[in-house]
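In: quick one: sequence plus predicted model below, questions after.
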Amino acid sequence: MSLDICRSDIVVGKVGSESRPNLVEIVSTLPIPIGTYISIPFNSIDISTGEKRFHCLVGVVSSTSYKRIIPVTPSFMAQPSIAIGIEDDMLRYAPSMARMFVDVIGNDIRVPSVPPQPDTQVYLAPTQILSKIFGGRSSETSIRIGYLIGRPDVSISIDVNALTKHLFITGTTGSGKSNTVAILSDRIASIGGVIAIYDVHGEYTSLQPYSEGVEIKVIDYKLNPLKINPSILARMIIPEAAASIQRALVSKALREVSKLFQEAIETHGVTEEAIEYLRKKRSISNEQIGDLEDEEGDIESKLLYLYREYIKSFIRNKSANNKLFRESAEKACAKVDEFFEYTSLSFKMPRITDLLRPSRILIINSSMLNDEQRDYVLKIILDEILWYTKQHLLQGSPFPVLFFIEEAHLFLSANRTTVSRASIERVAREGRKFGLSLAIVSQRPRNIDPNTLSQVQNFVFMKLVQEQDQNMVMNISDMLTEDLARSLASMDVGEALVMGEWIGRFPVYVKIDRHEGKRIGTSLEISQLWRSLRNRIQAPEIGGRLAMLSMDELKDLL
Ligand SMILES: Nc1ncnc2c1ncn2[C@@H]1O[C@H](COP(=O)(O)OP(=O)(O)OP(=O)(O)O)[C@@H](O)[C@H]1O
């Protein structure tokens, strides 16, 4: 191999006094930006054969600084600085550390085992050698996510098959996580992927397809009481574990009443006939009928009202003859009322698994639910999808799904127990066998229990400023050395350190492609918005109408 393949036109410095196979100091007049890929061509002698060997060491700058040379003797000052290797009249130099991850020897790509000699010239890594290291994935199994930072000429792809070992995306707010989610979902869907995003803030509801053939379906998640296991629903209605009698009463009532409603809705749909059928099947007091007539809204609201009343009357009947239970029953009924008052419910809500399709990104908008409900709903959905993928596999027709969990610190909290955690951990452990992959997204890694991330093997680390966050991510990834972790503080928007099986053996600094079809979540230009709001209010024809702007008009304004 000629060493020329390892040289570009740009010399960035020389090897300094510290030179190890995997960590090299580079001395230069100007600091080399973090994330710059460098190459060091050099020769060595094979100690067993005595043969000469050509090496092309490639690495990435992980820290950089300026240092001032403090003269200790007048004679030092008298020397031209160039004589001591520093071409700077100000007597300062810029030492940078580069983590060397590859030694290209001929056609072999190896882990570095020999250090280059001090003073060896260091080059900006040539495109050809970087493409050799990072390229070469089959277009059938891989998708592009961006390009090497500072090197738009070197495209970076990930191996989609490795996603069965799950993914963790983290970075501070505004670092570009949602854009990464959007680009990954879109590109994976474009090759037929089945994607679901658990959208906690409704951030993806206006996502537009970016690649050809991708379809986006947004559902505002509402609980369908007939499709949730009664004991889980009872726990949602009575969250206090100590209230076991109340829970038991509600659970029994739900079991009984749901059976009846299932019959009615399966036969008649959500119609007046279903209401008639239910009235005939079960006696209902005149007082309740009066309330039902007064109940405003559509047929579905009336059915939900009836469902609630049946549950309460079941609870009261069951406890009528037991003095001890009567008090619990009244409390349980009050909780049922409260739950129905504050929860988005619908008998028409399909199962999530009925909505999963190849090339579709299913956005599950849970922003109308409160934190507790979101936690339960996530559990319900994950259990359902895991069961579904298992069934498909057992029937010989695997149906892989990639499931994104946004704001994962809410569900995998290091200091709070949640109901969805067990389901997430189960999917992390078992999902691989059935083709259910998780992509866990969070801006607060330090708040996540590191044990739950132990199954994750693929990572996107974006800007992380706090040392606690950097330490946490170092704990979960063996490949993330301290200098690389500290380098996360200087990442720009959309830049990431991507690691794990899906990208290969070496960490890669990537500028993630921008998804042009994502609007919500983009940082607002608030000064311009305020100006335009003021102009609208001041315009005589619109004056005072702002409060009445329709949702569409507001969206336009944003
Ligand atoms: N790769 C990128 N290239 C260019 N701009 C980007 C890139 N990634 C993100 N941005 C821009 O940066 C802003 C923040 O991005 P994004 O919403 O993805 O961040 P985030 O980390 O998800 O933030 P949050 O945690 O607050 O939701 C947006 O305006 C987005 O358009």
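Out: Noted; the coordinates are in hand.
In: so how many other residues sit close to Ile47?
Out: 8 (other Cβ atoms under 10 Å). To be clear about C-beta, it is placed using only N, CA and C from the backbone, and glycine gets the same treatment.
In: you'd agree it is in a helix?
Out: No - if the criterion is DSSP: H, G, I helix; E, B strand; the rest coil, then Ile47 is coil and not within a helix.
In: how much space separates it from the ligand?
Out: Using Cβ to the nearest ligand atom, to the nearest Å, Ile47 is found at 46 Å from the ligand.
In: what of Leu355?
Out: 24 Å.
In: what's the closest non-adjacent residue to that residue?
Out: Among residues not flanking Leu355 along the chain, Leu362 sits closest, at 5.4 Å (Cβ to Cβ, 6 or more residues apart in numbering).
In: helix or strand for the one you found, which one?
Out: strand 360-365 (DSSP states H and E).
In: for the helix or strand following that strand, buried residues please.
Out: The helix or strand immediately downstream of strand 360-365 is helix 371-394, counting by DSSP H and E. Using 16 or more other Cβ atoms under 10 Å as the test for burial, helix 371-394 gives 373-386, 388-390, 392-393.
In: which ones are touching the residue in the stretch 301-450 of the chain positioned nearest to the ligand?
Out: Closest contact between the stretch 301-450 of the chain and the ligand, by Cβ to the nearest ligand atom, is at Gln443 (4.5 Å). Applying Cβ atoms under 8 Å, 6 or more residues apart in numbering, one finds that Gln443 lies in contact with Thr170, Gly171, Thr172, Thr173, Ser175, Lys177, Glu407, His409.
In: surely the first one is in contact with Ala439?
Out: If I follow you right, that is Thr170. No - assessed by Cβ atoms under 8 Å, Thr170 is found out of contact with Ala439, at 11.3 Å.
In: ranking the contacts of Gln443 by neighbours, who comes first?
Out: Thr170 leads the contacts of Gln443 on contacts (other Cβ under 10 Å) with 29 neighbours.
In: nearest residue to that one in space, please, no chain neighbours.
Out: Counting by Cβ to Cβ, 6+ apart, Pro445 is the residue found nearest to Thr170 once chain neighbours are left out, at 4.8 Å.
In: count of neighbours near the one you found?
Out: When counting by other Cβ under 10 Å, one arrives at 27 neighbours for Pro445.
In: which ones are touching it?
Out: Thr170, His409, Leu464, Asp469, Met472, Val473.
In: for the ligand, what are the nearby residues on the stretch 301-450 of the chain?
Out: By the rule Cβ under 6 Å from any ligand atom, the part of the stretch 301-450 of the chain lying against the ligand is Gln443.
In: and for the chain?
Out: Residues of the chain lying near the ligand (Cβ under 6 Å from any ligand atom): 171, 173-179, 443, 493-494, 512, 514, 521-523.
In: would you point out the most distant pair within those residues?
Out: Spatial extent of the residues of the chain next to the ligand (Cβ to Cβ) is set by the pair Gln443 and Arg514 at 19.1 Å.
In: quick one: end-to-end length of stretch 205-221, please.
Out: Using Cα to Cα, to the nearest Å, one end of stretch 205-221 lies 12 Å from the other.
In: for the ligand, what's its nearest residue on the stretch 351-500 of the chain.
Out: Of all residues in the stretch 351-500 of the chain, Gly494 sits closest to the ligand, at 2.4 Å by Cβ to the nearest ligand atom.
In: tell me the contacts of that residue?
Out: With Cβ under 8 Å, 6+ apart, Gly494 has these contacts: Gly146, Ser175, Gly176, Asn179, Lys511, Ile512, Arg514.
In: just say helix, strand or coil for Val61.
Out: Using three-state DSSP, the structure places Val61 in strand.
In: Pro33 is in contact with that one, correct?
Out: Yes - between Val61 and Pro33 there is a contact at 6.8 Å, judged by Cβ under 8 Å.
In: of the two, who's got more company?
Out: Between Val61 and Pro33, Val61 has the larger neighbour count (other Cβ under 10 Å), namely 25 against 13.
In: quick one on the thing from earlier: what's the distance between the residue nearest to Leu355 and Ser397?
Out: Distance from Leu362 to Ser397, counting by Cβ to Cβ, to the nearest Å: 19 Å.
In: swap in Leu278?
Out: Between Leu278 and Ser397 the distance, using Cβ to Cβ, works out to 38 Å.
In: quick one: low-confidence parts of the stretch 1-150 of the chain?
Out: For the stretch 1-150 of the chain, the stretches with pLDDT under 70 are 1-2, 70-90, 136, 138.
In: please, where are all the helices along it?
Out: 74-78, 127-134 (DSSP state H, counting those that start in this stretch).
In: just the stretch 251-400 of the chain next, same as before
Out: Going by DSSP H, counting those that start in this stretch, the stretch 251-400 of the chain shows helices at 272-281, 286-294, 299-319, 323-342, 371-394.
In: between these, which gets the lowest average pLDDT?
Out: Mean pLDDT is lowest for helix 286-294 out of the helices of the stretch 251-400 of the chain, coming in at a mean of 57.
In: related to what we said a few turns ago, what would the contacts of Pro445 look like in JSON lines with distance to Ser313, pLDDT and secondary structure?
Out: Below are those laid out as JSON lines (distance: Cβ to Cβ, whole Å; pLDDT from 0 to 100; DSSP: H, G, I helix; E, B strand; the rest coil):
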{"residue": "Thr170", "distance to Ser313": "49", "pLDDT": "97", "secondary structure": "strand"}
{"residue": "His409", "distance to Ser313": "41", "pLDDT": "94", "secondary structure": "helix"}
{"residue": "Leu464", "distance to Ser313": "55", "pLDDT": "97", "secondary structure": "coil"}
{"residue": "Asp469", "distance to Ser313": "52", "pLDDT": "94", "secondary structure": "helix"}
{"residue": "Met472", "distance to Ser313": "51", "pLDDT": "91", "secondary structure": "helix"}
{"residue": "Val473", "distance to Ser313": "54", "pLDDT": "91", "secondary structure": "helix"}
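In: would you list the phi and psi of the residue lying closest to Ile380 once chain neighbours are set aside?
Out: Nearest residue to Ile380, sequence neighbours excluded (Cβ to Cβ, 6+ apart): Ile228, at 5.9 Å. Dihedral angles of Ile228 (phi, psi; degrees, to the nearest 10) stand at phi -110, psi 140.
In: so for Ile228, what's the pLDDT?
Out: The model's pLDDT for Ile228 equals 85.
In: same question, Gln538
Out: 67.
In: got it, and the one 3 residues further on?
Out: At Glu541, the predicted lDDT confidence score is 54.
In: next, count neighbours for Arg279.
Out: Count around Arg279 with other Cβ under 10 Å applied: 15.
In: right, I mislabeled it, should have said Val419
Out: Using other Cβ under 10 Å, Val419 has 18 neighbouring residues.
In: contacts only, for the nearest residue to it once chain neighbours are set aside.
Out: Of all residues not flanking Val419 in the chain, Lys379 sits nearest, at 5.0 Å (Cβ to Cβ, 6+ apart). Residues in contact with Lys379 (Cβ under 8 Å, 6+ apart) are Ile232, Val419, Ser420, Ala422, Ser423.
In: again with Ile38
Out: Taking Cβ under 8 Å, 6+ apart, one finds Val12, Ile26, Ile32, Val58, Gly59, Val60, Val61, Ala98, Val122, Tyr123, Leu124, Ala125 in contact with Ile38.
In: kindly report the same for Arg444.
Out: So Arg444 contacts His409, Asp469 (Cβ under 8 Å, 6+ apart).
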